[in-house]
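A.B. asks: Sharing a sequence plus its predicted fold:
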Amino acid sequence: MSAESPESGTLSNLLKEDRRFEPPAAIAEHANLQAEAYDRAASDRDAFWAEQAERLDWSQRWDRVLDWDDAPFAKWFVGGRLNASYNCVDRHVEAGRGDKVAIHWVGEPLDDTRDLTYAQLKDEVSKAANALIDLGVQTGDRVAIYLPMIPEAVIAMLACARIGAPHTVVFGGFSADALASRLDDCQAKVVITADGGYRRGAPSALKPAVDEARTKTGRESGHRVEKVLVVRRTGQDLGEDGWDDSVDVWWHDVVDTASPEHTPEAFDAEHPLYVMYTSGTTGKPKGILHTTGGYLVGTSYTHWAVFDLKADTDVYWCSADIGWVTGHSYLVYGPLANGATQVMYEGTPDAPERGRWWQIIQDYKVTIFYTAPTAIRSFMKQGREIPDRFDMSSLRILGSVGEPINPEAYVWYRHVIGGDRTPVVDTWWQTETGMIMISPLPGVTHGKPGSAMIPIPGVAADVVTEEGASVPNGSGGYLVLTEPWPSMLRTIWGDDQRYRDTYWSRYADQGWYFAGDGAKKDSDGDLWVLGRVDDVMNVSGHRLSTTEIESALVSHPKVAEAAVVGAKDEDTGQAVCAFVILRDEAGDGGADIVEELRNHVRKEIGAIAKPRQIMIVPELPKTRSGKIMRRLLRDVAEHREVGDVTTLADSTVMDLISAQENAGSSDE
Ligand code: WT7
């Protein structure tokens with residue numbers, strides 16, 4: 001935990017925000033969830049969640065909604081049994097909706113599209129499930145998925161869920177090292193990947209990273225990946241050493257030829273569904289475990305309530321990658337459990353040209369669109385002439401997720417993309433919460449640019465002081481969740497103690513979940529989430545740990561010590577800024593030292609972690625106990641006057657660093 005407290009921050013700019021947007025009458029009138037739900041849920045939380053659980057098909061009904069006796073280890077829908085894949089696919093086919101499009105897939109190359117109906121999806125998922133069984137995957141085995149945004153990614157996830165093999169999806173932008181550490185941590189038996197995918201108009205290889213990762217796994221545990229299942233997407237040459245017959249299998253050889261008949265088995269509501277790795281305050285990513293019943297209840301309920309989904313008429317599009325939790329909850333499990341029709345897009349927003357997203361909205365008449373503030377800000381920068389060329393009058397609801405949305409981006413989004421008709425739902429949640437927790441309801445709550453408003457019905461949150469007192473309106477503090485919720489994480493994979501320590505120890509007396517975010521209540525009591533209060537950064541809506549990047553830097557032979565901070569950035573929210581002390585024998589590191597180190601981080605973790613700025617410094621500011629004072633480094637990185645240095649062991653250190661910064665030695 002860093003020394004800063006959000007209580008000392010300034011609220012003045014937030015309180016000046018007095019723009020309000022009322023829910024449009026047409027949405028309010030037919031809203032799925034009405035205002036009465038808030039009180040109803042609060043007065044009997046279990047009954048409310050039991051009601052939401054009815055939206056799923058259970059092969060055996062639960063006996064008890066929540067078992068919280070062994071807190072913080074929750075059991076939801078105790079005794080219930082269900083199959084997640086059946087709920088996302090088969091039941092829609094059985095209900096006569098087999099011909100409904102589940103996924104309008106859009107590849108990055110123009111005219112490379114594919115529509116999958118629910119009936120087709122059922123066949124594909126069944127074939128993949130049968131193929132995985134043939135490859136030796138059994139219930140409980142972990143399967144890693146390292147794929148581009150192609151339909152096989154969704155099919156693979158649902159096939160795993162169907163046979164009860166927890167998946168761990170690793171974002172395709174992560175490096176071989178990052179992949180290897182995840183494969184090791186969850187001991188994945190099989191990896192599902194592709195030769196490559198299309199990014200920015202060109203094929204981008206994936207398979208070589210899996211090959212490299214395999215050579216790096218099992219150093220301590222002896223664990224080995226047994227099979228690698230490879231989708232042919234780009235057809236690119238894998239090279240002479242790019243194929244190992246004893247391990248690698250083509251998807252088209254084993255999945256396409258498998259039987260489309262597979263009877264899903266029902267699993268316990270608490271059966272592990274997936275592990276999603278996310279950064280914490282240490283160098284080792286946390287494997288967040290989600291289980292089946294509660295997660296599916298939470299994601300299907302929120303997808304229905306927050307986006308006011310009308311499954312028969314809406315065309316929904318979430319632009320997130322399946323490598324992040326948003327892709328899990330709001331591209332795969334939530335929308336498919338609800339039988340929605342959705343768009344899935346493979347590539348980048350600017351390929352082949354900058355209007356690609358708006359073209360897709362126009363072509364498919366998208367009605368609900370969910371994206372991240374960092375994307376919105378980059379479109380703002382390009383100017384409204386680009387979106388203005390397209391007819392986006394089909395849109396009725398817009399969503400935002402991943403980081404605080406600044407009021408200007410919110411208003412631009414609503415105005416330019418939504419034509420001033422569309423409510424914007426600013427949805428706060430986390431990998432750990434599994435589902436949206438704090439958000440307006442588009443037919444009930446008015447919109448206030450920059451505020452995520454209040455917890456949705458069924459969820460309880462507060463902003464509290466260090467001691468746990470609820471702060472009055474107009475003040476800030478720490479964001480806590482005061483009641484358990486069905487899609488909550490169950491633990492950190494293989495590390496129950498870290499689970500307790502990270503989330504439940506800070507407010508142990510009260511039994512609250514500590515989210516790691518600072519927040520404020522405005523004069524109406526609405527919530528403004530301000531960002532992390534721990535050593536975690538949020539870059540373009542992606543969570544990165546300062547320690548993880550520091551470890552990557554010090555693994556470079558020329559580096560003696562490194563400190564990383566997240567500095568405010570106009571485009572990406574926060575940007576990675578590193579302060580590095582070189583080893584004596586490295587001298588000045590050479591002319592290209594900064595680029596060399598940036599590329600090293602890219603190789604170790606992935607492009608998203610590449611520092612925007614690296615400063616080579618002679619010393620780092622430390623307290624007498626040796627703790628790096630990141631607050632001071634952040635002052636430098638954000639070009640502010642350096643704050644209080646009295647607790648530094650050597651108060652002249654900051655003068656040295658500031659002098660370096662002013663000389664502009666390595667800022668790019
Ligand atoms: C962290 C969670 C939620 C899925 C994508 C990110 C920040 C997320 C908002 C929002 C302000 C937000 C928080 C949170 N965050 N949504 N609407 N307003 N901040 O998932 O990687 O688990 O990151 O993202 O800091 O703790 P994640």
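C.D. replies: Alright, I've got the coordinates.
A.B. asks: ok, the residue of the stretch 51-200 of the chain found nearest the ligand - how many residues close by?
C.D. replies: Ranked by Cβ to the nearest ligand atom, the top residue of the stretch 51-200 of the chain for proximity to the ligand is Phe171, at 10.8 Å. (Glycine included, C-beta is placed from N, CA and C.) The number of residues packed near Phe171 is 20, by other Cβ atoms under 10 Å.
A.B. asks: That one against Ala320, yeah?
C.D. replies: No. The pair Phe171 and Ala320 fails to qualify as a contact (Cβ atoms under 8 Å) at a distance of 10.4 Å.
A.B. asks: tell me the contacts of the closest residue to Gly280 other than its chain neighbours?
C.D. replies: Among residues not flanking Gly280 along the chain, Lys286 sits closest, at 4.7 Å (Cβ to Cβ, 6 or more residues apart in numbering). Going by Cβ atoms under 8 Å, 6 or more residues apart in numbering, Lys286 touches Tyr277, Thr278, Ser279, Gly280, Ile492, Trp493, Asp495, Arg498, Thr502.
A.B. asks: What's the separation between Lys286 and Gly494?
C.D. replies: Separation of Lys286 from Gly494 (Cβ to Cβ, to the nearest Å): 10 Å.
A.B. asks: Ok, Val559 next?
C.D. replies: In terms of Cβ to Cβ, Val559 sits 30 Å off from Gly494.
A.B. asks: Of these two, which one has the most company?
C.D. replies: Using other Cβ under 10 Å, the more surrounded residue of Val559 and Gly494 is Val559, with 22 against 13.
A.B. asks: Where in this protein is the helix or strand with the lowest mean pLDDT?
C.D. replies: Counting by mean pLDDT, DSSP states H and E, the chain has its least confident helix or strand at helix 12-15, which shows a mean of 46.
A.B. asks: need the contact list for the residue nearest to Ala320 when sequence neighbours are not counted.
C.D. replies: Take Ala320 and drop its neighbours on the chain: the residue closest to it by Cβ to Cβ, 6+ apart is Thr326, 3.6 Å away. Contacts for Thr326 (Cβ under 8 Å, 6+ apart) come out as Cys318, Ala320, Tyr370, Val401, Gly402.
A.B. asks: doesn't Tyr330 make contact with the second one?
C.D. replies: Spelled out, that is Ala320. Yes. Ala320 is within contact range of Tyr330, at 6.8 Å (criterion: Cβ under 8 Å).
A.B. asks: which neighbours do the two share?
C.D. replies: Shared contacts of Ala320 and Tyr330, defined by Cβ under 8 Å, 6+ apart, comprise Tyr370.
A.B. asks: I'd like to know how far the nearest residue to Pro352 once chain neighbours are set aside sits from Arg490.
C.D. replies: Excluding the flanking residues, the one nearest Pro352 by Cβ to Cβ, 6+ apart is Gly201, at 5.8 Å. As judged by Cβ to Cβ, Gly201 and Arg490 stand 41 Å apart.
A.B. asks: Between these two, tell me which one has more neighbours.
C.D. replies: Set side by side, Gly201 and Arg490 show more neighbours around Arg490, with 22 against 13, by other Cβ under 10 Å.
A.B. asks: got the contact list for the more buried one?
C.D. replies: So Arg490 contacts Phe73, Ala74, Glu270, Pro272, Leu289, His290, Thr291 (Cβ under 8 Å, 6+ apart).
A.B. asks: Can you select the buried ones among the residues you listed for me in PyMOL?
C.D. replies: Applying 16 or more other Cβ atoms under 10 Å to the contacts of Arg490, the buried members can be selected in PyMOL as follows:
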select buried, resi 74+270+272+289+290+291
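A.B. asks: so which of the contacts of Arg490 comes closest to the ligand?
C.D. replies: For those, the closest approach to the ligand (Cβ to the nearest ligand atom) belongs to His290, at 12.1 Å.
A.B. asks: Who is the closest one paired with across the strands?
C.D. replies: Tyr274 (DSSP bridges).
A.B. asks: Please list only the buried members of the contacts of Thr326.
C.D. replies: Neighbour counting with 16+ other Cβ under 10 Å marks Cys318, Ala320, Tyr370, Val401, Gly402 as buried within these.
A.B. asks: Show me which of those residues is closest to Ala460.
C.D. replies: The closest of the buried ones among the contacts of Thr326 to Ala460 turns out to be Val401 (Cβ to Cβ; 20.4 Å).
A.B. asks: Let me know whether the closest one touches Thr427 as I believe.
C.D. replies: Yes. Between Val401 and Thr427 there is a contact at 4.9 Å, judged by Cβ under 8 Å.
A.B. asks: what is in contact with those two at once?
C.D. replies: Counting by Cβ under 8 Å, 6+ apart, the contacts common to Val401 and Thr427 are Tyr370, Ile436.
A.B. asks: tell me which element the residue in the stretch 201-350 of the chain that the ligand sits nearest to is part of?
C.D. replies: Nearest residue of the stretch 201-350 of the chain to the ligand: Thr326, at 4.6 Å (Cβ to the nearest ligand atom). In this structure, Thr326 is located in helix 325-327 according to DSSP states H and E.
A.B. asks: same thing with Thr547?
C.D. replies: helix 546-554.
A.B. asks: what would the contacts of Thr326 look like in JSON lines with pLDDT and distance to Arg354?
C.D. replies: Listed next are these as JSON lines, based on pLDDT from 0 to 100; distance: Cβ to Cβ, whole Å:
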{"residue": "Cys318", "pLDDT": "98", "distance to Arg354": "20"}
{"residue": "Ala320", "pLDDT": "96", "distance to Arg354": "20"}
{"residue": "Tyr370", "pLDDT": "98", "distance to Arg354": "20"}
{"residue": "Val401", "pLDDT": "96", "distance to Arg354": "22"}
{"residue": "Gly402", "pLDDT": "93", "distance to Arg354": "21"}
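A.B. asks: Quick check: which of those residues are also close to the ligand?
C.D. replies: Residues shared between those and the neighbourhood of the ligand are Val401, Gly402 [Cβ under 6 Å from any ligand atom].
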